[in-house]
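Asks: quick one, structure for this:
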Amino acid sequence: MSASMKFIIAGFCLLATAYNIRAQEHQHLQCWHCSSDTIGAEDFCDVTFQEDSIPHDLIKERNINLLRTCNSTINSDHERPVCRKSVEENNGKIITKRFCYYTNKSDPVELCNMTSPEKNVRRIFCEDCLTDRCNGAARLAALFAIIFLPLLTMVN
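Replies: Numbering: from 1, shown residues only. Below is the predicted model of the structure:
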């Protein structure tokens, strides 16, 4: 693979990411909201999100809303909503959580993995994303990276 082809692929990935960020800046972000330690959510809100396994009768019975619109109460020009997925170990139990979170617009999306969780909690994984329902499935950019990065590193 030539150097120019590498730049074209990298440019495409950057443009796609920038487009997704800009498209979400002026809309309300929708995120999955659940925790694997909630009774009834273990089967669909685990490390792999299983939308097809959501027990709709249980959701109606408990009046649970798994899809939330992230509305800021601060209305700050410096704040942005993100969808967060975290996997943490708390007292020996692995818990996956999905929810709306608010970060500074100037913070990189990767900051989630750089910050420390609560005391006595060990973070295993944390990811913020900026598109609707993105905290349920693998992100497209991550799939591109998984597919293309090994190819780019093999070719000189």
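Asks: how about the secondary structure of the closest residue to residue 125 other than its chain neighbours?
Replies: Closest residue to residue 125 apart from its sequence neighbours, by Cβ to Cβ, 6 or more residues apart in numbering: residue 87 at 4.1 Å. Backbone N, C-alpha and C define where each C-beta goes, glycine included. Local secondary structure at residue 87 is given as strand here, using DSSP: H, G, I helix; E, B strand; the rest coil.
Asks: what sits against residue 87?
Replies: 47, 94-97, 123-126 (Cβ atoms under 8 Å, 6 or more residues apart in numbering).
Asks: go again with 10 Å.
Replies: 36, 46-47, 94-97, 122-127 (Cβ atoms under 10 Å, 6 or more residues apart in numbering).
Asks: cool, and residue 127?
Replies: 82-87, 109-110, 112-113, 134-135, 138-139, 142.
Asks: filter those down to the buried ones, ChimeraX style.
Replies: Paste this into ChimeraX to select the buried members of those, with burial taken from 16 or more other Cβ atoms under 10 Å:
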select :82,83,84,85,86,87,109,112,134,135,139
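Asks: low-confidence ranges, this protein, go.
Replies: 1-27, 72-75, 137-156 (pLDDT under 70).
Asks: mind listing the strands for it?
Replies: With strands called from DSSP state E, the chain shows them at 29-32, 34-35, 67-70, 79-90, 93-104, 121-129.
Asks: so residue 83 sits against residue 101, correct?
Replies: Yes. Counting by Cβ atoms under 10 Å, residue 83 touches residue 101, with 7.5 Å between them.
Asks: okay, and the common contacts of those two?
Replies: 31, 70, 128, 135.
Asks: OK, contacts around the first one?
Replies: Just to be clear, that refers to residue 31. Residue 31 touches 66-70, 81-85, 98-101, 129, 131-136, counting by Cβ under 10 Å, 6+ apart.
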